[in-house]
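Colleague: below are the sequence and a predicted model for it; my questions follow.
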Amino acid sequence: MIICCESYLPDSGNPYLCGDSFEPSDLIQLMDEAGVDYALTIPAPEAPLPGWEPTDNAFLKKVTDQHPRILGCCHVDLGLEDQAVEEFRKTVTDWGFKGLKLSTSPSETVDKLAIAAAELRIPATIHTNGSEAIYPRISELARNNPDLVIVMEHMGYRYHVDLALELTRKHPNIYLGSTVVASAEPIVVLDAIRKVGAERVLFGSNAPWAIPRYGVAGIRRLGLGKEEEALILGENFQRIYGLEN
Amino acid sequence: MVVMPPISEKPDNESLADRIGDRERLIGCASVNPTLGEDVVKAFEESIQRGIKGLHLLPRTHRYAIDSDLVSPLLDVAQARRIPVTTESCSEYCHPVQIANLAGRFPEVSIIADVGFRPVAPPVSLSQPEPEAGRIADQALNHSNLYLGLTALATAETYLIKRLLDTIPVDRLVFGSNAPSGIPLYSVGGVRQANLGDEAEALFLGETLKKIYHL
């Protein structure tokens, strides 16, 4: 079983890889190429390509209804404040979404979303890279919400992996998403596994922005035992997201 | 393939030169930590005598500002010996505006900013204003000696190569694999899947670096 912890469903998609439009079937095709069974999928409301509309949770809902292998991950506009929290709750309770993409902005709405996610037992996906300034905020969210599972995507790659590992050791509710790193520099994933344990690392592809088959191949060439490889590629996700059955 | 020594506080460029030996396909690039004192400049010059053809600076790793006076003696040597410089590019110590400052001070030196994985470098957030630290693609437009090394992105997010090409010409982008921790098979595969076109692909995959290294 292979489950991707971070993929996207844009409307325009990746015209450089998939043609001028991007359909859910294109994402399924990328998953099939890599042998991915399920993919936690986020709409793409930010940075749409010129001439294309961003996608939203409602769009994703229609897609998850048609394609059960695509698991919904809610992404809300923080500017909507309490309405954003309500939207998140609705995506989980009414639409069956499995995840929340959470910002590290110092916003009251983010705090409320974190509380709601903990209540609903929905893991939060947090993007990391670029600035080291975000790590104290992630630590704060983890500390204030011990029941909230946080998946730190990209595990601090490229220059802050040490900080991501430090937080993972410090907070038992933090996990590392190997999205992008698995294909770009798999040895970094291996180092993380050795430092925090295989049960704390998840496979992610970042499809369609990245190429899932390279990510899966990157994990497979680490020389992990069958047990550890199974944990990284899917079992950790199943356990954390409550999909064992 | 441009090859650097393992990253450490005091990179071992002597061993690098020894291990490369007379292998023509491997091009030695010395990593130098200028915080270790003036002796590193002399050591760098000696490594050039031994066939090293590039200079690698790691301001984020070694914790100094890339546009500080600390690097000037090394850049003076690079300029005099026509040695290209590769630098880390990050949000600390070597953000795009700082790298552009260096490129402006040494216009005859080719500087490759290794943009790593989607840092402040490419224009990824098109709907957002340019950050104070700048975006390397925008800075490269103002400095003809500034190139972008897409070492991790080539594999991880191929589409960003095409996105960058909306901003700057392809002959300002340089391919890197990050081998052996990166897998060249994947990075070349990612580039080829981007369908850049034969001419652009050739420039990105090698022709531009060939020019930069005077090969």
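Modeller: Structure's in. What do you need? Fair warning: this is a prediction, and the values are worked out from it, not measured in the lab.
Colleague: quick one: end-to-end length of stretch B:205-215, please.
Modeller: Distance between the two ends of stretch B:205-215: 14 Å, counting by C-alpha to C-alpha, to the nearest Å.
Colleague: per-residue pLDDT, residue B:72?
Modeller: pLDDT for residue B:72: 97.
Colleague: contacts for whatever helix or strand it lives in?
Modeller: Using DSSP states H and E, residue B:72 maps to helix B:72-81. Helix B:72-81 is contacted from outside by B:32, B:34, B:38, B:40-41, B:44-45, B:48, B:55, B:57, B:83-85, B:102, B:105-106, B:108-109, using C-beta atoms under 8 Å, 6 or more residues apart in numbering or on different chains. C-beta: built from backbone N, CA, C; applies to glycine.
Colleague: quick one: least confident helix or strand in chain A?
Modeller: helix A:15-18 (a mean of 60; mean pLDDT, DSSP states H and E).
Colleague: can I get the CA coordinates of the next helix-or-strand element following it in CSV?
Modeller: The first helix or strand that comes after helix A:15-18 along the chain, using DSSP H and E, is helix A:24-34. What follows is helix A:24-34, C-alpha atoms only, in CSV (Å, rounded to 0.1, in the frame of the first residue of the first chain):
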residue,chain,number,x,y,z
PRO,A,24,-8.4,14.5,-11.9
SER,A,25,-7.7,11.6,-14.2
ASP,A,26,-4.3,13.2,-14.8
LEU,A,27,-3.5,13.0,-11.1
ILE,A,28,-4.7,9.3,-11.1
GLN,A,29,-2.4,8.7,-14.0
LEU,A,30,0.6,10.1,-12.1
MET,A,31,-0.4,8.0,-9.1
ASP,A,32,-0.6,4.9,-11.3
GLU,A,33,2.8,5.5,-12.8
ALA,A,34,4.2,5.4,-9.3
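Colleague: which other helices and strands contact helix A:24-34?
Modeller: Helices and strands touching helix A:24-34, by 3 or more C-beta pairs under 8 Å, 6 or more residues apart in numbering or on different chains; DSSP states H and E, are strand A:3-9, strand A:38-43, strand A:70-74, helix A:212-220.
Colleague: where are the low-confidence patches of chain A?
Modeller: Where chain A drops to pLDDT under 70, the residues are A:12-20, A:46-52, A:130, A:245.
Colleague: kindly recompute the last result at 80.
Modeller: Flagging of chain A using pLDDT under 80 yields the residue ranges A:11-21, A:45-53, A:129-131, A:244-245.
Colleague: which stretches of it form helices?
Modeller: Using DSSP state H, the helices of chain A run over residues A:15-18, A:24-34, A:57-66, A:82-93, A:108-120, A:134-144, A:161-170, A:181-184, A:186-196, A:212-220, A:226-230, A:236-240.
Colleague: can you pull the buried residues of the fifth one?
Modeller: Of the residues in helix A:108-120, those buried under the neighbour-count criterion (16 or more other C-beta atoms under 10 Å in any protein chain shown) are A:109, A:110, A:113, A:114, A:116, A:117, A:118, A:120.
Colleague: what angle separates that helix from strand A:70-74?
Modeller: Interaxial angle of helix A:108-120 relative to strand A:70-74 (axes from the mean of the first three to the mean of the last three C-alpha atoms, to 10 degrees): 130 degrees.
Colleague: relative to the whole chain's centre, how far out is helix A:108-120?
Modeller: Distance of helix A:108-120 from its chain centroid, counting by C-alpha atoms, centre = their mean, to the nearest Å, is 17 Å.
Colleague: next one: stretch B:77-84
Modeller: The answer for stretch B:77-84 is 15 Å, by C-alpha atoms, centre = their mean.
Colleague: pull the contacting residues for residue B:213.
Modeller: Taking C-beta under 8 Å, 6+ apart as the criterion, residue B:213 is in contact with B:2, B:27, B:53, B:54, B:84.
Colleague: list just the nearest of those residues to chain A.
Modeller: Using C-beta to the nearest C-beta, residue B:2 is the member of the contacts of residue B:213 that lies nearest chain A, at 17.1 Å.
Colleague: and the next helix or strand past the helix or strand of chain B with the lowest mean pLDDT?
Modeller: Lowest mean confidence among the helices and strands of chain B (mean pLDDT, DSSP H and E): helix B:153-156, at a mean of 66. Next along the chain after helix B:153-156, taking DSSP H and E as the criterion, comes helix B:159-165.
Colleague: in terms of secondary structure, what does that following helix contact?
Modeller: On a contact count with 3+ C-beta pairs under 8 Å, 6+ apart, helix B:159-165 meets helix A:15-18, strand B:146-150, helix B:153-156, strand B:173-175.
Colleague: name the helices or strands packed onto the last one?
Modeller: Other elements packing on strand B:173-175 under the criterion 3+ C-beta pairs under 8 Å, 6+ apart are strand B:146-150, helix B:159-165, helix B:184-193, helix B:208-212.
Colleague: chain center to it, what's the gap?
Modeller: Strand B:173-175 has its C-alpha centroid displaced from the chain centroid by 9 Å (C-alpha atoms, centre = their mean).
Colleague: over to the longest one?
Modeller: Going by C-alpha atoms, centre = their mean, the spacing between the C-alpha centre of strand B:146-150 and its chain's C-alpha centre is 6 Å.
Colleague: which residue is the nearest non-sequential neighbour of residue A:178?
Modeller: In space, not counting the residues next to it along the chain, residue A:178 is nearest to residue A:189; the distance is 4.7 Å by C-beta to C-beta, 6 or more residues apart in numbering or on different chains.
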